[in-house]
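Q: Sequence and computational prediction follow.
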Amino acid sequence: MSLPSHVRLVEVGPRDGLQNEKQPISVADKVRLVDDLSAAGLGYIEVGSFVSPKWVPQMAGSAEVFAGIEQRSGVTYAALTPNLQGLEAALAAGVREVAVFAAASESFSQRNINCSIAESLNRFEPVMDAARQHGVRVRGYVSCVLGCPYDGAISARQVALVSRELQAMGCYEVSLGDTIGVGTAGAVRHLFEVVGREVPRERLAGHFHDTYGQALANIYASLLEGIAVFDSSVAGLGGCPYAKGATGNVASEDVLYLLQGLGIETGVDLPRLIEAGQRISRVLGRESASRVARARSALA
């Protein structure tokens, strides 16, 4: 299979990237991050999450972030909404695209959202109905598609069944997440081969964490399987509060460098993206986790 000529990057840094940070991050700094990412040419940015601050304190103030950002024409500014209350809050904030998430692992589902996989899917029904009524598009996530910190290896068939359910409920796209970063290229190709029998590949995306240093190899393997949408996080921000040992998402800068080397268009400006990652890294008091950003700094 030939490589895609264009890839859409879904920037998850402001939400998935920052949600696990311990130190407080001001609304102003979050707004600046989103505006920097917009200026770099990213066409899809996950801005925040409408969840209880009791469970994810860093996402408190998502409505204020949406109110403060400069929303550019042609850019999607999305939010995670795990339940109807979250969707209603997102709608009140003017959000026009949302995401819901399920797990391919029963244990992870119980520890993450306190219910079984089947129960979680049932909970999404009112969310999907309300989103449909308001003309809001819904994207789906599936966590732990290549391994779980509690259940170990996960069957590709199980991932396919959960993905099929999300599509049937109305998710226009399903992102498959290697939450703990244990996947390898062969396993990734097998995963998309199996899931692709239930959900068209043009409606699938890849979401890779770099815990074992395999994320870029896994993205290349996904490209070989015809996948053309990838989630990534500026400066490699992220982790998962419910998956011990999970490190950050693959850095957007590193993914972009890979894609540029393959001649694949994204519409994203690498120097401006590096600058955005360096700025938020200074706010957090540490160096960017992007290898490309570090290399460019060393050569400057």
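A: That came through, no problem.
Q: what number of residues lie near Phe230?
A: Using other Cβ atoms under 10 Å, Phe230 has 25 other residues around it. From N, CA and C alone the C-beta is placed, and that goes for glycine too.
Q: should've said Glu265
A: Neighbour count for Glu265, taken as other Cβ under 10 Å: 11.
Q: what's the answer for the one 10 residues further on, then?
A: Look at Glu275: counted by other Cβ under 10 Å, it has 16 neighbours.
Q: What helix or strand is it located in?
A: Take DSSP states H and E as the rule and Glu275 turns out to sit in helix 270-284.
Q: which SSE is Leu91 in?
A: Element membership of Leu91 [criterion: DSSP H and E] is helix 84-92.
Q: pull the CA atoms of the next helix or strand after that helix into CSV?
A: The first helix or strand that comes after helix 84-92 along the chain, using DSSP H and E, is strand 97-103. Extracted C-alpha coordinates of strand 97-103, given in CSV (Å, rounded to 0.1, in the frame of the first residue of the first chain):
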residue,chain,number,x,y,z
GLU,A,97,-16.8,19.2,18.1
VAL,A,98,-16.4,16.8,21.0
ALA,A,99,-14.8,13.4,21.8
VAL,A,100,-15.8,10.4,23.9
PHE,A,101,-13.6,7.6,25.1
ALA,A,102,-13.9,3.9,25.8
ALA,A,103,-11.3,1.3,26.6
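Q: can you list the residues that contact strand 97-103?
A: Residues from elsewhere that reach strand 97-103 (Cβ atoms under 8 Å, 6 or more residues apart in numbering): 46, 76-82, 87, 90, 109, 112-113, 117, 120-121, 124, 127-128, 131, 136-144, 148, 162, 165-166, 171.
Q: what mean pLDDT does that strand have?
A: The average pLDDT within strand 97-103 is 96.
Q: From the chain's centroid, how far away is the following helix or strand past it?
A: Heading C-terminal from strand 97-103, the first helix or strand you meet, by DSSP H and E, is helix 106-113. Centroid separation for helix 106-113 versus its chain: 18 Å, with Cα atoms, centre = their mean, to the nearest Å.
Q: do stretch 253-260 as well
A: 16 Å.
Q: go on, stretch 114-122?
A: Remark: stretch 114-122 is offset 20 Å from the chain centroid, using Cα atoms, centre = their mean.
Q: and if you look at stretch 115-124?
A: Stretch 115-124 sits 20 Å away from the centroid of its parent chain (Cα atoms, centre = their mean).
Q: from now on call the first residue 47
A: Fine by me, first position is 47 from now on; the one you just mentioned is stretch 161-170.
Q: Now it: buried residues?
A: Buried residues in stretch 161-170, defined by neighbour count with 16 or more other Cβ atoms under 10 Å: 163, 166-167, 169-170.
Q: Tell me how many other residues crowd Val234.
A: Around Val234 there are 27 other residues, counting by other Cβ under 10 Å.
Q: helix/strand/coil for it?
A: Of the three states, Val234 takes helix under DSSP: H, G, I helix; E, B strand; the rest coil.
Q: Touching the one helix or strand in the chain whose mean pLDDT sits lowest from outside, list them.
A: Sorted by mean pLDDT, DSSP states H and E, the helices and strands of the chain end with helix 152-159, the least confident at a mean of 84. The contact list for helix 152-159, computed with Cβ under 8 Å, 6+ apart, reads 128, 148-149, 161-163, 166, 189-190, 194-197, 225, 288-289.
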